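# 3D, please:
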Amino acid sequence: MSEAASAPKTSRAGRNLPAAIAVAVLLGAAILVSLLTVRHAFIGVVGLALAVGTYELTTAMRTAAGIRVPLLPVLAGGQAMIWLAWPYGAQGTLVALVVTVLLCLLWRLPQGVDGYVRDIGASTLALVYLPLCGAFAAMLVLPEDGVGRVLTFILGVVASDVGGYTAGVLKGKHPMAPSISPKKSWEGFAGSMVTGIVAGSLTVTLLLDGQVWQGMLFGAAIVLTATLGDLVESLIKRDLGIKDMGNLLPGHGGLMDRLDSLLPSVVVSWVLLAAFV
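As a prediction, the model looks like this:
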């Protein structure tokens, strides 16, 4: 059998589509099980996902650019930021962030002056980008209607991704940011906006008893933040000179490559849903 014939089939968007779908179904099932059994178990899913994502990001920084992030305090502090959101809300998360940054400053001292500012800056970026955003997912599930809030958030991001992927593959001709993410098109963005607004309208009204206009606004905001998350992670990878953050998930790359659109979106979801419902 030739090498070309034995290679995994990829779509026009560059994914191994069957593997990508299988991984997405498994991840979705894990989230649903946690939400529909004991909803606070979702915080454990968030904590595990953010720990893996943080490890992938810091490992990529070290291997690709020699950036030495103090891994142990970043991982431990990240978990504190997520779990302290349960009893203490945003205040607990903020205190944990400040303490962890101070610990990183101390932890990095013995390695000397070379790259100190760079390494601490990268450590702070990792903490803010992953566990700080992830803490909002923990806070999203805490109210009595937390399951509906989390599902509204996740379905909004999924709808944006599916709509953008489908429209981009079928109609994508005009690149949105060719120097950052060549496969992302304006046609795909339009598809994301349509499916995101529809999903937001349905979930906010059916799951949370909100108004249609609130759902439409929510869906549009999630599309914007999900797209921003994709572009930001693409820019980080291009700066590091890598294709994927890892290889844990077939068809997706690393887990961090699936978290990119979720991270900024969960912050906006928490803010908007707190205001609407």
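
# Now stretch 232-246: average pLDDT?
The predicted model assigns stretch 232-246 a mean pLDDT of 90.

# er, stretch 154-167 I mean
93.

# Quick one: residues in contact with it.
13, 28, 31, 184-185, 187-196, 198-200, 203, 218-219, 222-223, 226-227, 261-262, 265, 269 (Cβ atoms under 8 Å, 6 or more residues apart in numbering). Where you see a C-beta, it was placed from the backbone N, CA and C, and this is true even at glycine.

# how far out from the middle of the chain is it?
14 Å (Cα atoms, centre = their mean, to the nearest Å).

# Is there a quick PyMOL command that grabs whichever of the contacts of stretch 154-167 are buried?
Only the buried members of these end up in this PyMOL selection, burial being decided by 16 or more other Cβ atoms under 10 Å:
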select buried, resi 13+31+184+185+187+188+189+190+191+192+193+194+195+196+199+200+203+218+219+222+223+226+227+261+262+265+269
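
# quick one: which of the contacts of stretch 154-167 sit in strands?
Mapping those onto strands (DSSP state E) picks out K184, S185.

# what secondary structure does P73 sit in?
helix (DSSP: H, G, I helix; E, B strand; the rest coil).

# number of nearby residues for V212?
Residues near V212, counting by other Cβ atoms under 10 Å, number 12.

# I should have written R62 there, sorry.
Using other Cβ under 10 Å, the number of residues around R62 comes to 15.

# so it makes contact with E56?
No - assessed by Cβ atoms under 8 Å, R62 is found out of contact with E56, at 11.0 Å.

# The stretch 101-250 of the chain: helices as residue ranges?
116-127, 133-141, 146-171, 186-208, 212-240 (DSSP state H, counting those that start in this stretch).

# Just the buried positions in stretch 145-160, please.
Quick answer for stretch 145-160 (16+ other Cβ under 10 Å): 146-160.

# CA atoms of it as PDB?
Below are the C-alpha coordinates for stretch 145-160, written out as PDB (Å, rounded to 0.1, in the frame of the first residue of the first chain):
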ATOM      1  CA  ASP A 145     -29.700  26.600  37.100                       C
ATOM      2  CA  GLY A 146     -26.000  26.000  36.600                       C
ATOM      3  CA  VAL A 147     -26.500  23.000  34.300                       C
ATOM      4  CA  GLY A 148     -28.600  25.100  31.900                       C
ATOM      5  CA  ARG A 149     -26.000  27.800  32.000                       C
ATOM      6  CA  VAL A 150     -23.100  25.500  31.200                       C
ATOM      7  CA  LEU A 151     -25.000  23.800  28.400                       C
ATOM      8  CA  THR A 152     -26.000  27.200  27.000                       C
ATOM      9  CA  PHE A 153     -22.300  28.200  27.000                       C
ATOM     10  CA  ILE A 154     -21.000  24.900  25.500                       C
ATOM     11  CA  LEU A 155     -23.700  24.600  22.900                       C
ATOM     12  CA  GLY A 156     -23.000  28.200  21.800                       C
ATOM     13  CA  VAL A 157     -19.300  27.400  21.200                       C
ATOM     14  CA  VAL A 158     -20.100  24.100  19.500                       C
ATOM     15  CA  ALA A 159     -22.600  25.800  17.200                       C
ATOM     16  CA  SER A 160     -20.100  28.500  16.300                       C
END
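
# gap between that stretch and the chain center?
For stretch 145-160 - counting by Cα atoms, centre = their mean - the centre lies 13 Å from the chain centre.

# And for stretch 175-187?
For stretch 175-187, the distance to the chain centre is 19 Å (Cα atoms, centre = their mean).

# same check, this time on stretch 187-207
From the chain centre to the centre of stretch 187-207 is a distance of 18 Å (Cα atoms, centre = their mean).

# pLDDT of that stretch, averaged?
Across stretch 187-207, the average pLDDT comes to 96.

# Distance check, C133 against L259.
According to Cβ to Cβ, to the nearest Å, C133 and L259 sit 9 Å apart.

# So if I had to pick from the two, which one is more boxed in?
Using other Cβ under 10 Å as the criterion, C133 and L259 rank with L259 on top: 24 against 20.
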